[in-house]
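>>> Need coordinates for the below:
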Amino acid sequence: MDHTPRFRPVVSSILLVVTLVAGVTACGGSGGHPLAAKPYDAVDEISSNIPAGDEKADSEKPLEVTVDDDGRITDVSAVDATGRHVAGELDADGRRWRSTSPLAAGTHYTVRVSMEDDDGDPGSRTLSFETATARAKKLLKVTFGPQAGTYGVGQPITAELSAPVKDKASRAVVERALRVRSKPAVTGSWYWVDDKILHYRPKEYWPAKATIDVTSGLAGIKVTDTLYGAPSKALKLTTGDRVEAITDAAAHTMTVKRNGKVINTIPVTTGKPGFSTRNGVKVVLSKEYSVRMRGETIGISENSDDSYDLLVYYATRVTWSGEYVHAAPWSTGSQGYANVSHGCTGMSTSLAEWFFNTVRTGDVVQVVGSQGETMTPFDNGFGDWNLSWAKWQQGSALQKNATPDRSDTIQAARLRPEV
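Got it, this is the predicted structure:
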C-alpha cells in the first residue's frame with residue numbers, strides 16, 4: 001500500500017461547472033502526488049442516471065452522477081454540443097453530483113467525471129447521452145436589439161420574446177439563458193418591462209470603447225409545459241466615446257462632454273410653461289436631417305396663438321413622442337435667456353448642426369432644472385437610467401422578492417413632435 005500523504009479537497013455543497021480540477025493539479029507535479037498520476041478508468045466506480053443503450057434521457061429530469069462508497073468526486077464537466085455548460089451541485093460527502101440548471105431537449109451531452117479512490121488515486125470516466133426531442137408545439141424565440149453597430153454608452157440592450165412569459169419561475173429560466181458579456185466587464189441586470197420585453201443595462205453607463213456580446217442559451221430549454229426555447233441570433237455591439245449632453249433648463253444652457261471633458265457650452269431654449277421639457281436622462285434614438293413639426297399633433301388648435309407648422313433641421317430625437325434637440329433659428333433671441341419652445345431643446349442652426357454631427361444613437365441627453373415631469377422609463381424611448389440601481393434590480397426575475405413597480409411598465413407612446 002502506498003503511504004504517500006493523501007490529498008483530499010475540502011468538499012462542501014458548492015456549484016460545479018468545470019473547475020475543481022484546477023485547484024487539485026496545482027498542488028503536485030509529475031511523479032509526486034497521487035493525483036498527478038494518469039487517471040485510471042473508473043467505469044466500475046462512477047455511475048449515473050443516464051439511460052442505457054440508445055434510449056434518450058428526459059430533459060425535465062436532473063442529471064445525477066455518483067461514486068461508490070470508497071471514492072469522492074473531484075470534478076464534473078457536463079457540456080452540450082454547442083459548448084453550453086450544465087451547472088450542478090456536489091453533496092457534502094462528495095459522492096453525488098446533481099445538475100441544477102435545466103437540460104435542453106433534443107441535445108447531445110458529454111459528461112466528464114473525475115474522482116479519487118480511498119487510496120487517493122485519481123480515476124475518471126466519460127459519459128455521453130442525448131435528450132429526447134421536446135414535445136412542445138410552440139417555440140420561444142428571442143430577438144435582441146438594437147441592430148449590430150456602434151452606440152453611445154447609454155444604449156440599453158433589448159430582448160423581445162415571441163410569446164408572453166408571465167410567471168416568475170418561467171421568467172427566471174428565460175433570464176438565466178440570456179447572457180450579456182462586455183469588455184471591460186460591468187455589473188448589469190435584465191428588467192422585465194412586460195411579459196414579452198426585457199431591457200438590460202449596467203449599474204452605470206457602459207464603458208467607452210467597450211465590446212458587448214449578447215447571446216441566448218435558451219435553445220431546447222423548457223420554459224413552460226407547452227413552450228421550449230428556440231435558437232436565437234447573437235448580437236455584438238461596441239460603444240464609442242462617452243458623450244453626455246446636460247441641459248440646464250433654468251440656466252438655458254447645454255453642456256456637452258466627451259469622456260468627462262467639456263467640449264462645448266451651448267445657449268438653448270427649452271419648453272415654456274405648459275409645455276415644459278421632461279427632466280431626467282434620455283438616450284438619443286435617431287437623427288433626422290429634417291422633420292415637419294405641427295402643433296395639431298400635440299393637441300394645439302390651428303387657430304391658436306401657439307399653433308405652428310415648421311420644417312425643422314438637424315433634429316436629434318430623444319423621445320418617441322417627438323422631443324428633439326434641433327435648430328430653432330426663430331428663437332435665437334431667447335436662447336440662453338428664456339424658455340419659449342413647446343418641449344424641444346432649441347439652438348442656433350450652426351450649433352444644432354454641430355450637435356447633430358457630434359452625437360450618435362445611444363448617447364446620453366439629460367435635462368435638469370425644468371418644471372416638467374421626469375422622463376418615464378419605458379413608454380417613450382429609453383428612460384431606463386431614471387430608475388435607481390436598486391429599483392432596476394427589482395425588475396429581474398432572479399432577484400428575491402422582485403416586484404417591478406407596474407407604474408413603470410410600458411404604456412402606449414404618443415408619437416408627436418414637440419417644437
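
>>> hey, where'd the strands end up in the stretch 101-250 of the chain?
Along the stretch 101-250 of the chain, counting by DSSP state E, counting those that start in this stretch, strands occupy 108-116, 122-130, 138-140, 142-145, 149-151, 157-161, 178-183, 188-192, 197-202, 211-216, 222-224, 227-229, 235-239, 243-248.

>>> So for the third one, what gets flagged as buried?
Right, the one you point to is strand 138-140. Using 16 or more other C-beta atoms under 10 Å as the burial criterion, the residues of strand 138-140 that qualify are 139-140. Quick note: C-beta positions are derived from backbone N, CA and C, even for glycine.

>>> could you give the mean pLDDT of that strand?
For strand 138-140, mean pLDDT rounds to 93.

>>> quick one on the thing from earlier: go through the strands of the stretch 101-250 of the chain and pick out the most buried.
strand 227-229 (a mean of 24; mean count of other C-beta atoms under 10 Å).

>>> So which residues make contact with it?
With contacts defined as C-beta atoms under 8 Å, 6 or more residues apart in numbering, strand 227-229 is touched by 104-105, 134, 136, 138-140, 142, 163, 165, 170, 174, 177, 216, 218-223.

>>> if I look at residue 278, how far off is residue 145?
To residue 145, residue 278 is 23 Å away according to C-beta to C-beta, to the nearest Å.

>>> thinking again about what came up before, okay, the strands of the stretch 101-250 of the chain in a markdown table with distance to residue 374 next?
Formatted as a markdown table, those follow (distance: least, C-beta to C-beta, whole Å):
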| stretch | distance to residue 374 |
| --- | --- |
| strand 108-116 | 49 |
| strand 122-130 | 53 |
| strand 138-140 | 34 |
| strand 142-145 | 24 |
| strand 149-151 | 23 |
| strand 157-161 | 21 |
| strand 178-183 | 26 |
| strand 188-192 | 17 |
| strand 197-202 | 17 |
| strand 211-216 | 27 |
| strand 222-224 | 35 |
| strand 227-229 | 36 |
| strand 235-239 | 25 |
| strand 243-248 | 14 |
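
>>> Out of those strands, which gets nearest to residue 54?
strand 122-130 (8.7 Å; C-beta to C-beta).

>>> Quickly run through the sheet partners of the closest one, with directions.
strand 40-41 (parallel), strand 108-116 (antiparallel) (DSSP bridges).

>>> Could I get the ones you listed in a markdown table, plus columns for distance to residue 155 and mean pLDDT?
As requested, the strands paired with strand 122-130 are arranged in a markdown table below (distance: least, C-beta to C-beta, whole Å; pLDDT from 0 to 100):
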| stretch | distance to residue 155 | mean pLDDT |
| --- | --- | --- |
| strand 40-41 | 52 | 91 |
| strand 108-116 | 36 | 93 |
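
>>> which one of those strands lies closest to residue 182?
strand 108-116 (28.9 Å).

>>> hmm, back to that, as a markdown table, the strands paired with strand 122-130 with distance to residue 372 would be great.
Listed next are the strands paired with strand 122-130 as a markdown table, based on distance: least, C-beta to C-beta, whole Å:
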| stretch | distance to residue 372 |
| --- | --- |
| strand 40-41 | 73 |
| strand 108-116 | 56 |
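
>>> so which of those comes closest to residue 71?
Between the strands paired with strand 122-130, strand 108-116 lies closest to residue 71; by C-beta to C-beta that is 4.8 Å.

>>> which other residues reach the closest one?
With C-beta under 8 Å, 6+ apart, strand 108-116 has contacts from 8, 20-21, 34-35, 39, 42, 45-46, 48, 50, 63, 65, 67, 71-81, 86, 97, 103, 122-131.

>>> so which strand or helix has residue 390?
Applying DSSP states H and E as the criterion places residue 390 in helix 389-393.

>>> That helix packs against which elements?
strand 188-192 (3 or more C-beta pairs under 8 Å, 6 or more residues apart in numbering; DSSP states H and E).

>>> Return the distance of the strand it packs on from the chain's centre.
Relative to its parent chain, strand 188-192 has a centroid offset of 6 Å by C-alpha atoms, centre = their mean, to the nearest Å.

>>> hmm, which helix or strand of the chain has the shakiest average pLDDT?
Ranked by mean pLDDT, DSSP states H and E, the helix or strand of the chain with the weakest confidence is helix 20-25, at a mean of 40.

>>> related to what we said a few turns ago, minimum distance to residue 283: which of the strands of the stretch 101-250 of the chain has it?
strand 149-151 (9.0 Å).

>>> Relative to the closest one, what are the paired strands and their orientations?
Here, using DSSP bridges, strand 149-151 pairs with strand 235-239 (parallel).

>>> For the partner strand, which outside residues touch it?
144-146, 148-153, 155, 157, 206-215, 362.

>>> which ones are touching residue 354?
Counted by C-beta under 8 Å, 6+ apart, residue 354 has contacts residue 264.

>>> And the one helix or strand residue 311 maps to, what's buried?
Using DSSP H and E, residue 311 sits within strand 309-317. Neighbour counts using 16+ other C-beta under 10 Å place 312-317 of strand 309-317 among the buried residues.

>>> Take those residues and lay them out in TSV including pLDDT and distance to residue 349.
Shown next, in TSV, are those (pLDDT from 0 to 100; distance: C-beta to C-beta, whole Å):
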residue	pLDDT	distance to residue 349
312	90	10
313	93	7
314	96	7
315	96	12
316	97	13
317	96	18
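
>>> mind listing the strands for the stretch 251-400 of the chain?
Using DSSP E, counting those that start in this stretch, strands in the stretch 251-400 of the chain cover 253-258, 261-267, 280-283, 286-294, 309-317, 324-327, 345-347, 364-368.

>>> how about these, which one is nearest residue 390?
strand 280-283 (16.5 Å).

>>> Run through who's touching the closest one.
Contacts for strand 280-283 (C-beta under 8 Å, 6+ apart): 152, 154-156, 318-319, 323, 362-367, 374-375, 381-386.

>>> and it, which strands flank it?
Strand 280-283 has these strand partners (DSSP bridges): strand 364-368 (antiparallel).

>>> residues in contact with the partner strand?
152-154, 205, 243-250, 270, 277-284, 316, 318, 325, 345, 359, 375, 385.

>>> could I get that strand in CSV with only the CA atoms?
What follows is strand 364-368 as a C-alpha-only set of coordinates in CSV (Å, rounded to 0.1, in the frame of the first residue of the first chain):
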residue,chain,number,x,y,z
VAL,A,364,-26.9,60.5,-23.2
VAL,A,365,-29.1,63.6,-23.1
GLN,A,366,-30.0,64.8,-19.6
VAL,A,367,-32.3,67.6,-18.6
VAL,A,368,-32.2,69.3,-15.2
